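K.L.:
No sequence on hand, only this structure:
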């Protein structure tokens, strides 16, 4: 019961293709995680900058503007476009 050479070759190509697809999915997930991490770090830094402004009114205005900007960008841009524009 020997399988033909073409069947073995076809099986090997299918396995190789599945490995390549798996690699691409994992790679995309890692990139998305990195973008999310950068966006969170940027948001935290901006919030800290607003909180150290002198005066409660200036701090509140800065935080409000930051929230409005974040909400506006979340509907119009993808996270990668937001990071690229900075």
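P.N.:
Cool, the structure landed. Everything numeric in this text was worked out from a predicted model, so none of it was measured.
K.L.:
How far away from the center of its chain is the strand or helix carrying residue 7?
P.N.:
Using DSSP states H and E, residue 7 sits in helix 5-51. Relative to its parent chain, helix 5-51 has a centroid offset of 9 Å by Cα atoms, centre = their mean, to the nearest Å.
K.L.:
before we move on, what about stretch 64-72?
P.N.:
Per Cα atoms, centre = their mean, the centroid offset for stretch 64-72 relative to its chain is 19 Å.
K.L.:
as a whole number, average confidence for it?
P.N.:
Model confidence over stretch 64-72 averages 83 on the pLDDT scale.
K.L.:
And for it, what's in contact with it?
P.N.:
In this structure, residues lying in contact with stretch 64-72 by Cβ atoms under 8 Å, 6 or more residues apart in numbering are 43, 46-47, 50. C-beta: built from backbone N, CA, C; applies to glycine.
K.L.:
now those: which count as buried?
P.N.:
With neighbours counted using 16 or more other Cβ atoms under 10 Å, the contacts of stretch 64-72 contain these buried positions: 46, 50.
K.L.:
Which members of the contacts of stretch 64-72 are the farthest-apart pair?
P.N.:
Spatially, the most separated pair among the contacts of stretch 64-72 is 43 and 50, at 10.7 Å (Cβ to Cβ).
K.L.:
How about the contacts made by residue 26?
P.N.:
Contacts for residue 26 were tallied using Cβ under 8 Å, 6+ apart; there are none.
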